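1. Give me a model of this one.
(one chain, ligands or ions: 2)
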Amino acid sequence: MNGYYPIMLKLEGKKVVVAGGGKVAERKVKGLLETGAAITVISPESTPVIQHLAHEGKITWKQKSFAKLDIQEAFLIIAATNDPHTNNLVKEEAAEHQLVSIADNPEESDFHLPSHLKRGRLSIAVSTGGASPILAKQIRKQLEQQFDSRYENYLEFLFSKRKWILKNVEDADLKRKLLTVIVSPEFLNSGDWDEMFQRLYEQMI
Ligand SMILES: C[C@@]1(CC(=O)O)C2=NC(=C\c3[nH]c(c(CCC(=O)O)c3CC(=O)O)Cc3[nH]c(c(CC(=O)O)c3CCC(=O)O)/C=C3\N/C(=C\2)[C@@H](CCC(=O)O)[C@]3(C)CC(=O)O)/[C@H]1CCC(=O)O
Ligand SMILES: NC(=O)c1ccc[n+]([C@@H]2O[C@H](COP(=O)([O-])OP(=O)(O)OC[C@H]3O[C@@H](n4cnc5c(N)ncnc54)[C@H](O)[C@@H]3O)[C@@H](O)[C@H]2O)c1
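-> Numbers count the residues shown, from 1 in each chain. Ligands and ions are numbered 1, 2, ... in the order given. Predicted coordinates for the structure are as follows:
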């Protein structure tokens, strides 16, 4: 089945449970940290990074084996223990409406994690549907070269300029032209974006 539906989830304040505390669990936890989710790791042992995050109060670590009660009220669940039986049990114990990803069983998972590149407001996710996580990672690294660190500020500029244009420009044609002209490699490379915009704006009105 290949019909996956890509969405951007807002997880702030939502309960996310990760079963397992090894290398894979650590990677998934790191990816979740920025979202502001309430993250709980369930595992008898965990990596130094997971322990450090728990010590700092950024996540909760319950030092125990997985049990059904651990996923009560969880919105999202990641089963990443090294025991396939436990991983499958997590899915079996979850309610129908809870979203479960099983690290070693993509077929039974409700979702997969994509390789993810973030430049401020720009987010690019790459998924191979379980065919090759290494390819997903390689593509992400190529995109990191193409969409370099300048994009973070550029996206902020586009965000505020778009708001300004929508508020101050009434003519639909001019509005469209202005929204388009600020999105090009030439514009990105032009240096002072505000000055460049002002110049183009004055030429167009
Ligand atoms: C993208 C990324 C996101 C993330 O995890 O954050 C991610 N895996 C990453 C890396 C990675 N994973 C593995 C290797 C070793 C090489 C290899 O085996 O190929 C490497 C490479 C490395 O570590 O360098 C092994 C592996 N992965 C899965 C299985 C089980 C199976 O396929 O049955 C096994 C075999 C385990 C075993 O040996 O038994 C399953 C899944 N891994 C997924 C995501 C989902 C599908 C995504 C897709 O296809 O696009 C899916 C289905 C479920 C899920 O976890 O959501 C992240 C790169 C992040 C980045 O750096 O950008
Ligand atoms: N999806 C992916 O991206 C990906 C990548 C590589 C490996 N894997 C798979 O992920 C799994 C974990 O790999 P790893 O390298 O993190 O393993 P690991 O050995 O580093 O860690 C396993 C963790 O599971 C915990 N654990 C074991 N039994 C448990 C239980 N009953 N309840 C709670 N926690 C328990 C251990 O305490 C340990 O913290 C493996 O099944 C592996 O095949 C997935």
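2. What residues does this protein have near ligand 1?
-> Residues of the chain that fall close to ligand 1, judged by CB under 6 Å from any ligand atom: 27, 31, 101, 103-104, 106, 112-115, 127-134, 136-137, 140. Glycine gets a C-beta too; all of them are placed from N, C-alpha and C.
3. again, only using 5 Å
-> Contact residues (CB under 5 Å from any ligand atom) of the chain with ligand 1: 101, 103-104, 106, 112-113, 115, 127-128, 130, 133-134, 136-137, 140.
4. among those, which two are most distant?
-> Maximum pairwise distance in the residues of the chain next to ligand 1, criterion CB to CB, is 21.6 Å, between Asp104 and Arg140.
5. Filter the residues of the chain next to ligand 1 down to just the ones in strands.
-> Those of the residues of the chain next to ligand 1 mapping onto strands are 101, 115, per DSSP state E.
6. my read: Ile77 touches Gly20, true?
-> No: Ile77 is beyond contact range of Gly20, at 11.2 Å (criterion: CB atoms under 8 Å).
7. quick one, which of the two is more surrounded?
-> Using other CB atoms under 10 Å as the criterion, Ile77 and Gly20 rank with Gly20 on top: 27 against 23.
8. Enumerate every residue touching the more buried one.
-> Counting by CB atoms under 8 Å, 6 or more residues apart in numbering, Gly20 touches 41-43, 78-82, 86-87, 103.
9. how many other residues sit next to Leu32?
-> 19.
10. Can you give the domain ranges for this structure?
-> In terms of domains, the chain is parsed into 15-113, 114-147, 150-204 (source: automatic domain parsing).
11. where in the chain is pLDDT low?
-> 1-2 (pLDDT under 70).
12. so where do the strands sit in it?
-> Going by DSSP E, the chain shows strands at 15-19, 38-42, 60-62, 76-79, 99-102, 115-119, 122-126.
13. Can you give the distance of the second one from its chain's centre?
-> A distance of 17 Å separates the C-alpha centroid of strand 38-42 from that of its chain, computed with CA atoms, centre = their mean, to the nearest Å.
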